[in-house]
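Visitor: I'll drop the sequence and a predicted model, then ask my questions.
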Amino acid sequence: MGHKLPRRTRERVRAVDVLYEAHVRGWDTPEGIFSLSQLRQDETTAQTPLPAYAVEILEGVAEHLERIDAALATYSKAWPLHRMPEVDLAIMRVAAWEILFNPDVTGPVAITAAMQIAEERSTDESPKFINGLLGAIDDMRDTLSNTETDQTLSGETIAKLESSVPQSFDTVAKTAAAGGVLEQIDLDSLE
């Protein structure tokens, strides 16, 4: 991989590597991801320290892990998180954080970077799957990111949320975190 990817995408790759490591070690919790991020800033197997943007991503994913996983679980038709390849899950967590919680990155940029990383790190089918899933999340970006911060949602936003998400987003997040079965959404029915 190395230098053919842009600098910022290489920093995303470093975050993906730490998220993958956290998953493999069984530290796939907000606390575990944050702890491993802190550890990798001091002790790394790479030739360079963990870049600042990789740390920002990891801390953001740790902070919003429940909501990120709920969004991924909700919009991944017929693919529960535990069945996804670990590297794909790590890639999509990075991109979902950028789409939903980083206003400095547009959805298309996050999706393109995720697809580039998947082309280098995963299966031939992964970029297409990642593109479709992250595209659905990006389409619902405003609705998904507003449900946490704006407790007085407009009628239009509530109607859009109710028509596209089977339950309130926070309920879905709690269900996903508890390992519950989520009702799947037919992506073809989304506007």
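Guide: Happy to help now that I have it.
Visitor: contacts and neighbour counts: CA atoms only from here.
Guide: Will do.
Visitor: burial count for residue 104?
Guide: By other Cα atoms under 10 Å, 8 other residues sit near residue 104.
Visitor: let me redo that: residue 108
Guide: 15.
Visitor: backbone phi and psi for it, please?
Guide: Phi and psi for residue 108, reported as degrees, to the nearest 10, are phi -60, psi -40.
Visitor: try residue 105
Guide: Listed backbone geometry of residue 105 is phi -120, psi 130, with angles given as degrees, to the nearest 10.
Visitor: do the same with residue 67
Guide: Backbone geometry at residue 67, expressed as degrees, to the nearest 10, gives phi -70, psi -40.
Visitor: tell me, what residue is most central in this structure?
Guide: The C-alpha lying nearest the average C-alpha coordinate of the chain belongs to residue 93 (Cα atoms, centre = their mean; 2.2 Å).
Visitor: that one is in contact with residue 68, isn't it?
Guide: Yes - using Cα atoms under 8 Å as the test, residue 93 is close enough to residue 68 to be in contact (6.5 Å).
Visitor: list residues touching both of these two?
Guide: With Cα atoms under 8 Å, 6 or more residues apart in numbering applied, the overlap between the contact sets of residue 93 and residue 68 consists of residue 61.
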